[in-house]
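**Q** kindly return the folded structure for what I paste below:
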Amino acid sequence: MNWKDTSSFSLGDKVRTPTTFTLIVSGLRVVVTRHIHAEPDEWLLHCEPWFHGVVVSKGSADEAKAVALEAVRKKLQETLAALTPNVAIKPRRQASA
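**A** Presented below is the predicted three-dimensional model:
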């Protein structure tokens, strides 16, 4: 996966430790970030329409990205299952002329 560091920093920030990573796959945007209002060790997941600041990890950035992808995959599978009919659709008969 090709995660991009999309962190933003204040001008006075000398350390510049990455705090936000973004992955875009087929138009789906997955963001793992540390937020100023969250606990310092918490990584949050944002992915519309399912996740809005959900804590996914208190570990490393790589761990947070892996957990985030698993959560998004699960939601995608649930969505596909909801869109998949349980009953096979019978083909329509053509009207006779």
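**Q** averaged over its residues, what pLDDT does the helix or strand that contains residue 29 have?
**A** Assigned by DSSP states H and E, residue 29 belongs to strand 28-33. For strand 28-33, the mean per-residue pLDDT is 97.
**Q** kindly report the same for stretch 75-94.
**A** Per-region confidence: stretch 75-94 scores 78 on mean pLDDT.
**Q** ok, stretch 46-59 next?
**A** Here the average pLDDT along stretch 46-59 is 95.
**Q** who's in contact with it?
**A** 28-33, 35, 38-39, 41-45, 63-64, 67-68, 71-72, 75 (Cβ atoms under 8 Å, 6 or more residues apart in numbering). For the C-beta atoms, the positions are set from N, CA and C on the backbone; glycine is no exception.
**Q** go on, stretch 17-28?
**A** For stretch 17-28, contacts defined as Cβ under 8 Å, 6+ apart pick out 1-8, 29-34, 47, 61, 65, 69, 72.
**Q** check which element follows the strand holding residue 29 along the chain.
**A** Later in the chain than strand 28-33, the nearest helix or strand by DSSP H and E is strand 43-47.
**Q** that following strand pairs with which strands?
**A** If you go by DSSP bridges, strand 43-47 pairs up with strand 28-33 (antiparallel), strand 51-57 (antiparallel).
**Q** restricting to C-alpha, output the last one in CSV.
**A** Read it as strand 51-57. The C-alpha trace of strand 51-57 is given here as CSV (Å, rounded to 0.1, in the frame of the first residue of the first chain):
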residue,chain,number,x,y,z
PHE,A,51,-15.3,6.1,10.3
HIS,A,52,-15.0,9.6,11.9
GLY,A,53,-12.2,9.8,14.4
VAL,A,54,-12.4,6.2,15.6
VAL,A,55,-9.4,5.2,17.8
VAL,A,56,-7.7,2.3,16.0
SER,A,57,-4.4,2.0,17.9
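**Q** perfect, that will be all.
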